[in-house]
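Visitor: Whatever this is, show me its structure:
(one chain, ligands or ions: 1)
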Amino acid sequence: MDNRKIGVFDSGLGGLTAVKEIMNLFPNESIVYFGDTGRVPYGTRSKETIVKYTHDDINFLLSQDVKMIIIACGTASSAALPDIKGEYGVPIYGVVDAGAYEASRVTKNNKIGIIGTTATIKSGAYEKYIAEYNPDAQTFKKACPLFVPLVENGHFDTPVTKLVIEEYLKDIREAGVDTLILGCTHYPLLKKAIAEYMGDSVKLVSPGEEVAKFLRKKITPENAHSEVCDEDRYSYFVSDSVESFEELGSIFLETKINGKVNKIDIEKY
Ligand code: DGL
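Guide: From the prediction side, this is the model:
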């Protein structure tokens, strides 16, 4: 038994895609979430800055007495995780490995699209894992930097979102991929509009959900939470406005998180 929390972080709302699935799969576990809303986006920043932010986020979660940390951010998982692995006393899992594994497994025609932030696409992290899991796969990639501000402003399925989707995904659709990795954890919040554009035959892979499934191998009777926790088992922290996170987070999680979100000064960690 280990009744400590699972720590999850992202630059903003995106990591809730992992949280939602962890809640589904592990209803006994308690979760502490940090969304670095004061410093979002991460994906347009240098590797050095992303590594620094990742250290701050991990240090904050460690202050909350966590037993493991999920980096529910494609950017931090691609650009920072390889450098920091093993530096901390708790296991730390990123989303890239799990997402690449699932895409490699489900593709039938071995044509996989990868979309993500500029930093993620530049890192080549998804291709590295795909080459390992499915050496026959061909990859087609595209950075989609406008998707994150669209999500953070609640444009999940509006005309402007549809326009941007077409602009970014045209070439990948034409390439005939049958699988598309939504390689930034914000993107599943646009899933409905992306699915409509890509068509029914294209399988969308959400690495945030996949890392939650991967935890099945990591949460064992020895380290699971001992009992069904009460209502207070989920807590949320942000580094900017509490209100907008409460509003959009409640829509996405389909449960009210009002009153459970607190603001912190992340620069102190
Ligand atoms: N949700 C994040 C990711 O998966 C970060 C997006 C951003 O901050 O640019 O990459």
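Visitor: CA only for contacts and neighbour counts going forward, please
Guide: OK.
Visitor: where in the stretch 101-250 of the chain is pLDDT low?
Guide: 226-231 (pLDDT under 70).
Visitor: can you list the residues of it near the ligand?
Guide: Residues of the stretch 101-250 of the chain lying near the ligand by CA under 6 Å from any ligand atom: 117, 148, 184-186.
Visitor: which one of those residues has the most neighbours?
Guide: Highest neighbour count within those: Cys184, with 32 neighbours (other CA atoms under 10 Å).
Visitor: Briefly note if stretch 46-60 comes near the ligand.
Guide: No. Using CA under 6 Å from any ligand atom, stretch 46-60 stays clear of the ligand, with a minimum separation of 9.5 Å.
Visitor: can you pull out the helices in the stretch 1-150 of the chain?
Guide: Using DSSP state H, counting those that start in this stretch, the helices of the stretch 1-150 of the chain run over 16-25, 47-62, 74-79, 81-84, 96-106, 118-123, 125-133, 147-152.
Visitor: So which of those helices has the densest surroundings on average?
Guide: helix 74-79 (a mean of 30; mean count of other CA atoms under 10 Å).
Visitor: any idea how far it is from the chain center?
Guide: 9 Å (CA atoms, centre = their mean, to the nearest Å).
Visitor: got a list of contacts for it?
Guide: By CA atoms under 8 Å, 6 or more residues apart in numbering, the residues outside helix 74-79 that reach it are 42-43, 47, 50-51, 54, 71, 94-96, 116-117, 119-120, 123-126, 183-185.
Visitor: and with 6 Å instead?
Guide: With contacts defined as CA atoms under 6 Å, 6 or more residues apart in numbering, helix 74-79 is touched by 43, 47, 94, 120, 125, 183-184.
Visitor: need the contact list for Ser206.
Guide: Counting by CA under 6 Å, 6+ apart, Ser206 has contacts Leu182.
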